[in-house]
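Asks: sequence and computational prediction follow.
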Amino acid sequence: MIETALLIDSTTTIPQTLIKEYGVTVIPVPIHAAGREYRDGVDLTAEEFCALLEASKDRPSTAVPGLGEFASFYQQLLQTHKNILYPVPSPRLTGIFNAAVQAASQVEGARVVALDPPEEWEGEWYVVHSDDPQLEARLAEINRWHEPVIAVINTNYVSGAAGLVGMEGFEAIYNGLGIDEAIYRMAIAKSKVGIYFILTTLDYVVDRVGHLRALVGTLLKIKPVLTIRQGMVEEEIKVRGESRAKRALIELLKQRLGDREIDLFMLHSLAQAEAEDLLAQAKSELQVRHSWLGGIGCAITRYTGRGGLGIAFIER
């Protein structure tokens, strides 16, 4: 029996085949749209989300599940497992990390480990940091605990990049390693992961860039390529035209990685054919060990719109 349960929420994207293989539990994140609340992936498909995005004046938005919902998932998983490993998206992009830790601290008898919380955080949980030179020794302490452990891991990313960090922990657990080693491998993975994605339209980031800038960008056929750096979404470069934007994704990876080997997760929002073509191109020009293709997730589709493309990767 696997002692540690694997938990993610729907803002984190991993291949569906691995969700089934590893028995991963997924918390559906609430989505508010057109005056209603939906559960991501349960009440709302990717196609339905895009339809709402295109039709609604008020853009759909993701929300944080309630503390009671988190606690319910924890309690259910601890009935059949000793520990829980939960990689979550960057706390600079969502409040999920905060809520997940707060809810875990309310589970009777459980000890809470928090990897890389915000600097201002205080609490009675066991805090560890990826850049701590004594990280392995601090994590080894967990092996002496008798209580169930709920480990909440700040991946510093979202979507497929958060998924790649999580997959490092999943692999450790399913290779028979303890939760301490799984957390350590995820901490190391954070420095080796990256993501680039394309905005196919500026319509859905008007609230961030302003109406005039969005209008000018649309008229000039500007396609921003975005990344996530230190937990925040940032603009990497701007190019004109969709074909140049796709090419820019590959070139950015080549510049960053050189001939280093990677695992690659090609992401898309209802654009599988384009994603397959881009994946084939990436595999022909980069040193790709393993690759997957899947949906980009509502958290990023909210900004890219239909046809969004992204590449998440981890250096091997």
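Replies: In hand now; what should we look at?
Asks: going by C-alpha atoms from here, please, whenever you check contacts or count neighbours.
Replies: OK.
Asks: buried residues, stretch 121-138. List them.
Replies: W125, V127, V128, H129, S130, L135, E136 (16 or more other Cα atoms under 10 Å).
Asks: stretch 186-193: end-to-end distance?
Replies: One end of stretch 186-193 sits 10 Å from the other (Cα to Cα, to the nearest Å).
Asks: give the buried residues for that stretch.
Replies: For stretch 186-193, by 16+ other Cα under 10 Å, it's M186, A187, A189, K190, V193.
Asks: from the chain's centroid, how far away is it?
Replies: 13 Å (Cα atoms, centre = their mean, to the nearest Å).
Asks: and the contacts of that stretch?
Replies: Residues outside stretch 186-193 that contact it (Cα atoms under 8 Å, 6 or more residues apart in numbering) are 115, 129-130, 155-156, 161, 164-166, 168-169, 312-316.
Asks: what about it, average pLDDT?
Replies: The pLDDT scores in stretch 186-193 average 97.
Asks: about what we covered before: what's the farthest-apart pair in the buried residues of stretch 121-138?
Replies: Using Cα to Cα, those span at most 17.5 Å, a distance reached by W125 and E136.
Asks: I'd like to know which elements the helix or strand harbouring I250 is packed against.
Replies: In the assignment (DSSP states H and E), I250 maps to helix 242-257. Using 3 or more Cα pairs under 8 Å, 6 or more residues apart in numbering; DSSP states H and E, the elements in contact with helix 242-257 are strand 193-198, strand 222-229, strand 232-240, strand 309-315.
Asks: CA atoms of the third one as PDB?
Replies: In PDB, the C-alpha atoms belonging to strand 232-240 read as follows (Å, rounded to 0.1, in the frame of the first residue of the first chain):
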ATOM      1  CA  MET A 232       4.200  35.900 -11.000                       C
ATOM      2  CA  VAL A 233       3.000  36.000 -14.600                       C
ATOM      3  CA  GLU A 234       5.300  38.300 -16.600                       C
ATOM      4  CA  GLU A 235       5.600  39.200 -20.300                       C
ATOM      5  CA  GLU A 236       8.700  37.600 -21.800                       C
ATOM      6  CA  ILE A 237       8.500  39.100 -25.400                       C
ATOM      7  CA  LYS A 238       6.100  40.500 -27.900                       C
ATOM      8  CA  VAL A 239       5.900  39.400 -31.500                       C
ATOM      9  CA  ARG A 240       3.700  40.100 -34.500                       C
END
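Asks: what angle sits between that strand and strand 222-229?
Replies: Using axes from the mean of the first three to the mean of the last three Cα atoms, to 10 degrees, the inter-axis angle of strand 232-240 relative to strand 222-229 is 150 degrees.
Asks: nice, that's everything, thank you.
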